[in-house]
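Predicted coordinates and the sequence they were generated for:
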Amino acid sequence: MNLKLPDLKQYKTSNRVYILASGPSVLDITKKQWEEISKYDTIGFNHWYTHDFEPTFYDLSYLTHENHFDSPENDMLIQALSKCKNSKFIVNHINKDKYSQLLDKVDYTLNHLNHFDFLNNIPDVDKNELGKHATYWSDKLFDHFKVRKGSIKPNDNFFFKSRGQLFVSLQLAHYLGYNDIRFIGVDLTSEDKFQDLISSSPSSSRSVGKGGEVMQDRVNALNDAKNPNKSHSTTQGTKDKDYMGIHDLISLYDQKYFYEEGIKLTTSNPNSLLVKSGIQHLGVLEELNMPKITFCIPSKTNLRYLKACIPSIRENAYRNDHDIIVFVDSDEDGTVEWLEEVKDKYNLQYYVNPKLGEELYGIGMAYDFCIEKSTTDIFMIFHADMMLGKNADLNAYNRLKHKTVVCSTRVEPPIHPNAGEKTLLDFGMWPEEFKKEEFNNYVESQLNETKTTEGIFAPWMMYKDEFLALGGHDPRMHSCREDSDVFNRMYLDGFKFIQPWNSLVYHLTGRGAGSFDGDKERHEQWKKDMNASTLEFIRKWGSNVNHTPLMKPIVSPVYKKSVVINNSNPELETALEPWFNGGKDIIVEINGNLFNQQDFQYIQQLPAIIQDSGEIGTFNLGNLKITINSLNTYEKDLIICEK
């Protein structure tokens with residue numbers, strides 16, 4: 001049956017796929033390992049038919065030449081179509097007529113290839129430039145198919161070909177939507193093939209010197225390689241043109257596309273050249289691995305929330321042995337007693353504010369306490385009123401690199417507005433009402449989502465040493481705004497923020513902090529704490545908290561400013577005090593008798609106004625007289641928190 005390319009997606013049975021190559025290490029795969037591989041989808045290509053394992057998909061889209069096949073025995077298409085009748089075939093459109101009788105007996109789709117050459121001699125190769133320097137390309141082709149020039153991501157019209165069929169089959173796996181792609185038999189250390197060791201394999205399937213010389217293009221490729229006896233010819237530059245090696249090309253593709261989409265690419269051969277290029281080795285019987293991390297959870301009389309939060313981590317985390325550290329800042333509900341009862345059941349540690357009942361540590365210092373106590377390289381900030389979704393830890397970790405902060409996406413009940421940074425769905429308003437099964441089903445439906453946005457909000461994950469280098473949270477933001485402050489500093493220090501939409505938590509939105517928990521007294525205290533912390537934030541940054549709708553920080557320039565108030569009064573001085581730091585670079589003169597709300601708004605917007613003016617001198621704005629003596633800014637001096 002002739003299928004359209006998108007139709008192949010309906011034959012997926014798993015999110016894992018094994019790409020079956022021809023390296024000798026294929027013969028090292030044990031019977032037990034083949035049994036494991038058979039539980040998942042597979043892609044075979046070229047002469048895979050010489051093996052007795054029948055793949056889910058058979059990729060023959062590279063075959064466009066007809067002069068290789070001197071007999072039916074040596075004809076790759078004839079052999080593959082005859083021996084793997086249950087596979088779904090991808091065949092180059094040029095072969096449709098010649099092999100029509102055989103194609104009519106199998107399920108197949110016809111595909112085009114766009115030739116792609118990435119040259120190794122381009123200076124300063126950058127993954128963001130991937131594809132832009134390809135030859136054989138035409139702007140008209142991209143205009144016709146509405147594909148962005150420079151992209152080599154597969155699409156419904158064609159895949160890209162470079163250095164052989166392996167790269168095409170990798171793109172097929174990407175196109176079909178697998179998020180766990182595993183290579184079998186991608187050795188690349190020599191021209192040898194597993195077919196060389198199978199007596200019944202046709203000569204056309206073998207390496208040169210062992211029968212493969214009947215394939216003239218294979219001989220040509222070997223002769224054109226710069227170091228014919230070193231590694232596979234596709235890993236080398238050539239005598240006529242300095243091609244990028246297939247292992248480096250795959251590594252670039254992995255960094256450009258798979259990393260950004262949370263797709264894991266691994267290889268079963270620890271000695272493959274792919275490993276030297278940065279592709280992770282993973283044994284056939286091994287699960288995707290991630291290091292143990294530490295969940296850091298402050299608690300301020302949060303027992304009812306912890307009873308839902310902690311079990312969710314143990315039930316849904318990809319690893320069931322992550323460390324959990326709870327800091328009890330206040331306990332008016334039996335939190336410590338419950339933690340003592342369940343510490344072994346949930347394998348958690350807890351620490352108690354040494355001045356419990358007298359004064360609060362504050363959420364920022366509570367987080368820092370947990371982080372400093374952690375023994376893992378990576379930690380995750382977590383709120384007590386959050387429930388972890390399935391594999392949220394793994395899907396966040398898959399995006400984590402040094403100088404990045406990865407935050408999970410919040411699913412919240414429809415209480416507060418949504419600017420696009422979260423999902424509003426009602427899985428319960430309170431922990432006792434949590435619709436766990438419904439939430440779990442929703443999470444399951446989103447695990448293949450590849451969307452990411454650039455924002456930051458709890459829960460967030462990063463490397464411990466990079467956090468400590470920033471000096472931790474600023475204690476001036478004692479109970480609130482501590483996150484906005486540290487996010488500003490991360491942004492200024494060059495951190496990249498990544499929010500994957502397949503890493504999910506259910507957030508009861510402000511219940512744990514007391515901003516929305518139904519307790520009037522607690523809510524009033526939260527408002528006081530928020531006001532106090534906001535004033536501290538303004539004193540430090542010279543402006544209020546600001547971010548994009550998707551929660552990426554917007555940091556205004558910090559100037560050294562002072563104010564001169566004529567006809568002053570205590571109320572006006574109190575209102576203006578946080579907005580000025582006593583510096584003499586910017587001087588604002590105010591007449592207290594004329595000062596109005598519009599003038600106050602100008603003061604709040606002053607950093608942006610000064611940034612836009614860009615000139616030293618004096619000007620009037622409303623009832624304000626503003627003198628700019630210097631345009632020096634000092635925001636980067638605030639990156640490190642000195643305690």
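Thanks, I have the structure now.

ok, now which ones touch the closest residue to Phe595 other than its chain neighbours?
The spatially closest residue to Phe595, leaving aside those adjacent along the chain, is Asn623, at 6.0 Å (Cβ to Cβ, 6 or more residues apart in numbering). C-betas here are computed from N, CA, C, even on glycine. The contact partners of Asn623, taken as Cβ atoms under 8 Å, 6 or more residues apart in numbering, are 590-591, 594-596, 599.

Take those residues and keep only those in helices.
Among these, the members found in helices (DSSP state H) are Asp599.

Can you give me the pLDDT of the residue positioned nearest the centre of the chain?
Nearest to the mean C-alpha position of the chain, by Cα atoms, centre = their mean, lies Arg399 at 2.7 Å. For Arg399, the pLDDT comes out at 93.

how about it, secondary structure?
Taking DSSP: H, G, I helix; E, B strand; the rest coil as the rule, one finds Arg399 in the coil state.

what pLDDT does the residue nearest to Phe595 get?
At Asn623, pLDDT is 95.

OK, contacts around Glu454?
So Glu454 contacts 496-499, 550, 552 (Cβ under 8 Å, 6+ apart).

so can I have JSON lines of these showing pLDDT?
As requested, the contacts of Glu454 are exported to JSON lines (pLDDT from 0 to 100):
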{"residue": "Lys496", "pLDDT": "96"}
{"residue": "Phe497", "pLDDT": "97"}
{"residue": "Ile498", "pLDDT": "96"}
{"residue": "Gln499", "pLDDT": "97"}
{"residue": "Leu550", "pLDDT": "96"}
{"residue": "Lys552", "pLDDT": "97"}
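
Looking at those, which is nearest Glu332?
The closest of those to Glu332 turns out to be Gln499 (Cβ to Cβ; 34.2 Å).

so Arg304 makes contact with Phe434?
No - using Cβ atoms under 8 Å, Arg304 makes no contact with Phe434, being 10.8 Å away.

I'd like to know which helix or strand in the protein has the lowest mean pLDDT.
Across the helices and strands of the chain, mean pLDDT, DSSP states H and E gives its lowest value to helix 139-145, namely a mean of 73.

after it comes which helix or strand?
strand 158-161 (DSSP states H and E).

just how off-centre is that next one within its chain?
25 Å (Cα atoms, centre = their mean, to the nearest Å).

List the residue ranges of the stretch 451-600 of the chain that fall below the pLDDT cut-off.
511-519 (pLDDT under 70).

tell me the helices in the stretch 201-350 of the chain, going along the chain?
When secondary structure is read from DSSP state H, counting those that start in this stretch, the stretch 201-350 of the chain shows helices at 216-224, 246-253, 259-261, 273-276, 303-316, 335-342.

Helices of the stretch 501-643 of the chain, start to end?
520-541, 570-576, 597-604, 606-613.

Report how many residues lie close to Phe497.
As a burial measure, Phe497 scores 22 neighbours (other Cβ atoms under 10 Å).

just Asn86 next, same as before
The burial count for Asn86: 10, using other Cβ under 10 Å.

for it, what are its contacts?
With Cβ under 8 Å, 6+ apart, Asn86 has these contacts: Glu54.

How is it classified with respect to secondary structure?
What three-state DSSP gives for Asn86 is coil.

Let's see the pLDDT reported for it.
Asn86 carries a pLDDT score of 95 in this model.

Quick check: it vs Val106, distance?
8 Å (Cβ to Cβ, to the nearest Å).

residue ranges of the strands in the stretch 451-600 of the chain, please?
452-453, 460-463, 496-500, 504-507, 561-566, 586-591 (DSSP state E, counting those that start in this stretch).

just these: most buried one?
Mean neighbour count (mean count of other Cβ atoms under 10 Å) peaks for strand 504-507 among those, with a mean of 27.

Show me what it pairs with in its sheet, parallel or antiparallel.
strand 386-388 (antiparallel), strand 409-412 (parallel) (DSSP bridges).

could you dump the ones you listed to TSV with distance to Gly614?
Output for the strands paired with strand 504-507, formatted as TSV (distance: least, Cβ to Cβ, whole Å):
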stretch	distance to Gly614
strand 386-388	44
strand 409-412	39
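
can you tell which of these is closest to Asp224?
Taking Cβ to Cβ, strand 409-412 is the member of these nearest to Asp224, at 49.1 Å.

what packs against the helix or strand following that closest one?
Where DSSP H and E defines the elements, the next helix or strand beyond strand 409-412 is strand 423-424. In terms of contacts (3 or more Cβ pairs under 8 Å, 6 or more residues apart in numbering; DSSP states H and E), strand 423-424 is packed against strand 409-412.

Quick one: mean pLDDT for the strand it packs on?
So the average pLDDT for strand 409-412 ends up being 98.

what's the distance between it and the middle of its chain?
On Cα atoms, centre = their mean, the centre of strand 409-412 falls 17 Å from that of its chain.

Also stretch 490-505?
For stretch 490-505 - counting by Cα atoms, centre = their mean - the centre lies 8 Å from the chain centre.

That stretch: end-to-end distance?
For stretch 490-505, the first-to-last residue distance is 23 Å (Cα to Cα, to the nearest Å).

do the same with stretch 174-186
First-to-last residue span, stretch 174-186, Cα to Cα: 17 Å.

Show me what counts as buried in that stretch.
Within stretch 174-186, the residues that count as buried by 16 or more other Cβ atoms under 10 Å are 174-176, 178-186.

Export those as CSV, with columns for pLDDT.
Shown next, in CSV, are those (pLDDT from 0 to 100):
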residue, pLDDT
His174, 96
Tyr175, 95
Leu176, 95
Tyr178, 94
Asn179, 90
Asp180, 94
Ile181, 97
Arg182, 98
Phe183, 98
Ile184, 97
Gly185, 96
Val186, 96
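
Skip the chain neighbours and tell me the closest residue to Pro414.
Closest to Pro414 by Cβ to Cβ, 6+ apart is Leu424, at 4.4 Å.

which residues does the one you found contact?
Leu424 is in contact with 411-414, 418, counting by Cβ under 8 Å, 6+ apart.

Pro413 now?
424-429, 508-509.

Tell me the most packed of those residues, by neighbour count.
Among the contacts of Pro413, Leu508 has the most neighbours (other Cβ under 10 Å), with 27 neighbours.
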